[in-house]
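*Asks:* below: sequence and its predicted model.
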Amino acid sequence: MAKLGKWIGGGLGFTLGGPLGALAGFFLGSFFDEAEVIHVQAGSATNRRSQITQGDYMFSLLVLVTAVLKADGKILRSELDYVKEFLIRSFGSEGAKQALIILKDLTQQNIPVTDVCTQIRKFVDYSSRLQLIHFLFGVANADGSVHQDELSLIKHISTTLGVSKADYTSLEAMFVPKTDWAYDILEIENKGTNEEVKKAYRKMALKYHPDKVSYLGEDVQKAANEKFQKLNEAYQLICKERGMN
């Protein structure tokens with residue numbers, strides 16, 4: 001069994017119920033025989049938020065990625081390449097190949113976005129939901145710009161996942177820069193004092209630190225580091241503009 005097959009077989013819990021479970025059911029049979037699927041389902045009932053696995057998280061991500069890819073009515077090669085690159089880093093070439101098969105299958109299905117997000121919100125912690133939104137922006141921006149339909153859908157996903165307006169604005173500013181994008185990332189107005197800027201940075205550094213998602217595995221943690229680096233970039237820009245030490 002290739003790596004992704006083992007990953008799913010040993011790691012799916014809450015995603016085997018509700019709308020995510022319905023989506024998963026379309027392709028599980030291609031990876032496992034009937035006995036294996038029954039075994040996985042039998043262990044899912046006791047899953048709790050604190051026991052979310054990398055398998056749960058990554059399947060949830062694939063479902064939401066599919067919805068964003070389809071949002072503007074076309075799926076671009078640049079977007080697929082961005083997703084493929086992330087999957088290769090996470091699961092290796094063979095695992096990514098299987099994940100892309102799942103993604104292709106999902107593009108043929110109707111994604112009940114609101115219901116899926118409601119299920120994810122119930123089981124996935126806040127820091128990991130922030131990372132989902134960050135990755136979705138990365139996919140949408142793979143062609144160099146975020147289409148309005150993609151932006152609207154990501155905003156809806158963010159709201160349904162329970163992400164605060166301030167945190168959404170911060171994440172959006174990392175991919176859709178505006179005049180005060182650096183301040184938006186730090187969730188502070190440009191009129192704030194130097195001390196307020198430093199305080200905001202320390203607060204956001206704790207919120208966005210890659211260690212927050214370390215339980216999901218080294219690969220997800222590495223992906224979270226991209227968000228953390230963007231935060232540092234925003235802070236350094238403000239410091240330079242203000243002549244702060």
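*Replies:* In hand now; what should we look at?
*Asks:* residue contacts, Pro210?
*Replies:* Going by Cβ atoms under 8 Å, 6 or more residues apart in numbering, Pro210 touches 221-222, 224-225, 228. From N, CA and C alone the C-beta is placed, and that goes for glycine too.
*Asks:* residues of whichever helix in the chain runs longest that come out buried?
*Replies:* Identified as the longest helix of the chain according to DSSP state H is helix 77-107. Neighbour counts over helix 77-107 (16 or more other Cβ atoms under 10 Å) mark 79-80, 82-84, 86-88, 90-91, 95-100, 102-103, 106 as buried.
*Asks:* how close does Asn194 get to Tyr201?
*Replies:* 11 Å (Cβ to Cβ, to the nearest Å).
*Asks:* distance of Lys198 from Gly243?
*Replies:* 14 Å.
*Asks:* same deal with Ala224?
*Replies:* From Ala224 to Gly243 the distance is 31 Å (Cβ to Cβ).
*Asks:* identify the residue nearest Val197 in space, chain neighbours excluded?
*Replies:* In space, Val197 comes closest to Ile238 once its chain neighbours are excluded; the distance is 5.8 Å by Cβ to Cβ, 6 or more residues apart in numbering.
*Asks:* counting neighbours, what do you get for the one you found?
*Replies:* 23 (other Cβ atoms under 10 Å).
*Asks:* would you mind naming the helix or strand containing the most centrally placed residue in the chain?
*Replies:* Among the residues of the chain, Leu132 comes closest to the average C-alpha position under Cα atoms, centre = their mean, at 1.8 Å. Counting by DSSP states H and E, the element that carries Leu132 is helix 126-140.
*Asks:* buried ones in that helix?
*Replies:* 127-140.
*Asks:* of Lys198 and Gly243, who's got more company?
*Replies:* Lys198 (16 against 7).
*Asks:* just after the helix or strand containing that one, pick out the following helix or strand.
*Replies:* Assigned by DSSP H and E, Lys198 belongs to helix 194-208. Per DSSP H and E, the first helix or strand lying C-terminal to helix 194-208 is helix 218-242.
*Asks:* so the residue nearest to Val197 makes contact with Tyr183?
*Replies:* Yes - contact criterion Cβ atoms under 8 Å: Ile238 and Tyr183 qualify, at 7.0 Å.
*Asks:* worst-scoring helix or strand of the chain, pLDDT-wise?
*Replies:* helix 34-42 (a mean of 41; mean pLDDT, DSSP states H and E).
*Asks:* can you give me how far the helix holding Lys198 is from the chain middle?
*Replies:* Helix 194-208 has its C-alpha centroid displaced from the chain centroid by 23 Å (Cα atoms, centre = their mean, to the nearest Å).
*Asks:* dump it to CSV, keeping only the CA atoms.
*Replies:* Extracted in CSV, the C-alpha atoms of helix 194-208 (Å, rounded to 0.1, in the frame of the first residue of the first chain):
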residue,chain,number,x,y,z
ASN,A,194,5.5,52.0,18.0
GLU,A,195,4.8,50.2,21.3
GLU,A,196,1.4,49.1,20.0
VAL,A,197,3.0,47.8,16.8
LYS,A,198,5.5,45.7,18.9
LYS,A,199,2.7,44.4,21.1
ALA,A,200,0.6,43.5,18.0
TYR,A,201,3.5,41.7,16.5
ARG,A,202,4.2,39.6,19.7
LYS,A,203,0.5,38.7,19.8
MET,A,204,0.3,37.6,16.2
ALA,A,205,3.7,35.8,16.4
LEU,A,206,2.1,33.6,19.1
LYS,A,207,-1.1,33.1,17.1
TYR,A,208,0.7,32.2,13.9
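*Asks:* list the buried residues for it?
*Replies:* 197-198, 200-201, 204, 207-208.
*Asks:* same check on stretch 235-245?
*Replies:* So for stretch 235-245, counting by 16+ other Cβ under 10 Å, buried means 235, 238-239.
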